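Colleague: The sequence and its predicted three-dimensional model are supplied below.
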There are 4 protein chains.
Amino acid sequence: MESGPAVKEAGAPATGRTRLRVRYPETDHMGVVHHTHYLTWFEVGRTELMRERGRAYADMEKEGIFMPVVEAECRYLSSARYDEEIEIETRVASASRIRVEFAYNAFRVADGKLLATGRTVHVATDSGGVPRRMSQGDVDALEGSVGKPPRKARR
Amino acid sequence: MESGPAVKEAGAPATGRTRLRVRYPETDHMGVVHHTHYLTWFEVGRTELMRERGRAYADMEKEGIFMPVVEAECRYLSSARYDEEIEIETRVASASRIRVEFAYNAFRVADGKLLATGRTVHVATDSGGVPRRMSQGDVDALEGSVGKPPRKARR
Amino acid sequence: MESGPAVKEAGAPATGRTRLRVRYPETDHMGVVHHTHYLTWFEVGRTELMRERGRAYADMEKEGIFMPVVEAECRYLSSARYDEEIEIETRVASASRIRVEFAYNAFRVADGKLLATGRTVHVATDSGGVPRRMSQGDVDALEGSVGKPPRKARR
Amino acid sequence: MESGPAVKEAGAPATGRTRLRVRYPETDHMGVVHHTHYLTWFEVGRTELMRERGRAYADMEKEGIFMPVVEAECRYLSSARYDEEIEIETRVASASRIRVEFAYNAFRVADGKLLATGRTVHVATDSGGVPRRMSQGDVDALEGSVGKPPRKARR
């Protein structure tokens, strides 16, 4: 399907990139970043991706849409150390009004080494965790297709 | 003043003790527990002290009384390591309807070594952080004087 | 294969159980435990399982065997809240001299509700992260088959 | 002594400033940042101050100088919330070859509100925590007086 890539090219970049530095308490006594912190970094990645796409997650929450994590996974390929600069690459793997999946890569900036890859799945809920649908506008924002002509018009 | 000690002897133990084990992510790449985690352990200490005194903090919150931290301090004397068992000794240094101060000691169980001492000051607020008074019953519970004859009657 | 279950029955319990309480900083502003902390709790679960089976992970490390996480995943089914008591059920899903997989369930103690399930995969390394083999004795300890007659003799 | 202020004016800025955003897991179920995380933010502040002054703490550690925290304190004045941008203002309150004290202010960027103030005291040690002296060059770097004429020459 040629329309898939075409959509990506026309809209926001398919992938968000954000950088952070390893904080001291994120390291453990083996001398490297403890595996739990990658999930936090992925959260930073998707927060920045959503902000960049014009739909800050903090704003969604203020409007009553929450996106709790229902699945998370991570593969660890190489270790990060204190004070290293890390780039988190985040993309929306799929999005619907009830479910969004993000995919992540974490790289060390100094040598470009891939440290970890991951995936989180989220469902849309209200503030109490009860499932609700997000708007199609939110789905479009997540997919980075906001501001582009509607699909129908593009053909 | 003889009444001070007498009050302590008559009521709950002056000091609560709770144990925990150092978790892997609490260590840092220097090989020891990162200094931030002692504040979390002190929180565990005061939570268990309050539960033991019949006034679980979770219940206070459900009734609309919050006790946010307005001051915290810690002195670090010796290091703790992964998997060591730690004892947190907690006492109420002072309590009124608007302000409570806790004092803490953290020991390594294996050799009884004092690792850190600390202090936190809390004010009573509603769920939004607006100051409010807690009941005298809550103050008495915090002080461990519940179930004892009222002060007047003791003389 | 009848020998699989039989091995389990003869040795240590197939599953370790450990309890912990939700700490205040483990909650997030949605009012529930943040998803990252389940990975820490799973680590507590496998630490206690290994201690119970006579092979504390802290001791393994002192002998130069490390077991860094190479894969982690978690499914979140229900939310935990501040001060709730949680039971972590841990079992060794598979173990060899180079790779160990643990599986986890997290329950709320009050109502027995299953909150999350997870899995971590570990490889054996030296202190610098270089792969090395653990001893067969360590594998047996992890599998809970220490102190049982060797497999051959059981037939 | 007029030379004190004069030294400050002549060298690096007396105060380092660094910005960060509140991460989701840094909030707690009261809806605000948990008090423990300010200590982590202060650590980010002093790390960036030292980098800016040409003496990255990561490099000091590689050369065998560690600066563990021996005292920490924080006063909490107002609350921070998820996704708010925070500025940490850090200055070296005093420095010698054996002891360094940092002072911190945390502000919300949006309205300039002062959220917290703090202080940490550090001693110079080797990697095992044994006290050792840092070089006068390190002290000068920390004080921001590197690249300035020696005190004697200024008169």
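Modeller: Received the coordinates, thanks. Residues are numbered from 1 along each chain as shown, chains lettered A, B, ... in the order given.

Colleague: Can you confirm whether stretch A:39-58 lies near chain B?
Modeller: No: if you take Cβ under 8 Å from any Cβ of the partner chain as the test, stretch A:39-58 misses chain B, and the best it gets is 11.0 Å. For every residue, glycine as well, the C-beta is placed using N, CA and C.

Colleague: So is that stretch next to chain D?
Modeller: Yes: Stretch A:39-58 reaches chain D (Cβ under 8 Å from any Cβ) through A:40, A:43-44, A:47, A:56-58.

Colleague: Out of these, the closest to chain B would be?
Modeller: Of all these, residue A:40 has the smallest distance to chain B: 11.0 Å, by Cβ to the nearest Cβ.

Colleague: Where does pLDDT dip in chain A?
Modeller: Scanning chain A for pLDDT under 70 picks out the ranges A:1-13, A:146-155.

Colleague: Quickly list what residue A:71 is bridged to.
Modeller: Beta-bridge partners for residue A:71, by DSSP bridges, are residue A:121, residue C:75.

Colleague: For it, give me its contacts.
Modeller: A:119-121, C:73-76 (Cβ atoms under 8 Å, 6 or more residues apart in numbering or on different chains).

Colleague: If we use 10 Å, what do you get?
Modeller: Shown in contact with residue A:71 (Cβ atoms under 10 Å, 6 or more residues apart in numbering or on different chains): A:101, A:119-123, C:35, C:73-76.

Colleague: Can I get the buried part of these as one PyMOL selection?
Modeller: Buried residues among those (16 or more other Cβ atoms under 10 Å in any protein chain shown), as a PyMOL selection:
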select buried, (chain A and resi 119+120+121+122+123) or (chain C and resi 35+73+74+75+76)
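
Colleague: next one: phi and psi at the closest residue to chain C within chain A?
Modeller: Nearest residue of chain A to chain C, counting by Cβ to the nearest Cβ: residue A:73, 3.7 Å away. Residue A:73 adopts backbone torsions of phi -150, psi 160, taken as degrees, to the nearest 10.

Colleague: Give me the distance between it and residue B:22.
Modeller: Residue A:73 sits 27 Å away from residue B:22, taking Cβ to Cβ, to the nearest Å as the criterion.

Colleague: same check, this time on residue A:55
Modeller: In this view, residue A:55 and residue B:22 are 41 Å apart by Cβ to Cβ.

Colleague: Quick check: residue A:59 touching residue D:83?
Modeller: Yes: counting by Cβ atoms under 10 Å, residue A:59 touches residue D:83, with 8.9 Å between them.

Colleague: Which of the two has more residues huddled nearby?
Modeller: residue D:83 (17 against 13; other Cβ atoms under 10 Å in any protein chain shown).

Colleague: tell me the contacts of that one?
Modeller: A:47, A:51, A:56-59, A:61, D:21-24, D:27.

Colleague: Could you tell me the angle between the direction of the longest helix anywhere in chain A and that of helix C:37-52?
Modeller: As assigned by DSSP state H, the longest helix anywhere in chain A is helix A:37-52. Counting by axes from the mean of the first three to the mean of the last three Cα atoms, to 10 degrees, helix A:37-52 points 170 degrees away from the direction of helix C:37-52.

Colleague: Return the set of buried residues in helix A:37-52.
Modeller: Buried, per 16+ other Cβ under 10 Å, within helix A:37-52: A:37-52.

Colleague: Quick check: closest non-adjacent residue to residue A:41.
Modeller: residue A:88 (5.4 Å; Cβ to Cβ, 6 or more residues apart in numbering or on different chains).

Colleague: Run through the residues that contact that neighbour.
Modeller: By Cβ under 10 Å, 6+ apart, the neighbours of residue A:88 are A:16-20, A:38, A:41-46, A:48-49, A:104-107, A:115-116, A:118.

Colleague: Within range of chain C, give me the residues from chain A.
Modeller: Selection of chain A residues close to chain C by Cβ under 10 Å from any Cβ of the partner chain yields A:28-32, A:34-40, A:42-43, A:61, A:66, A:68-79, A:116, A:118-121, A:123, A:125, A:127-129.
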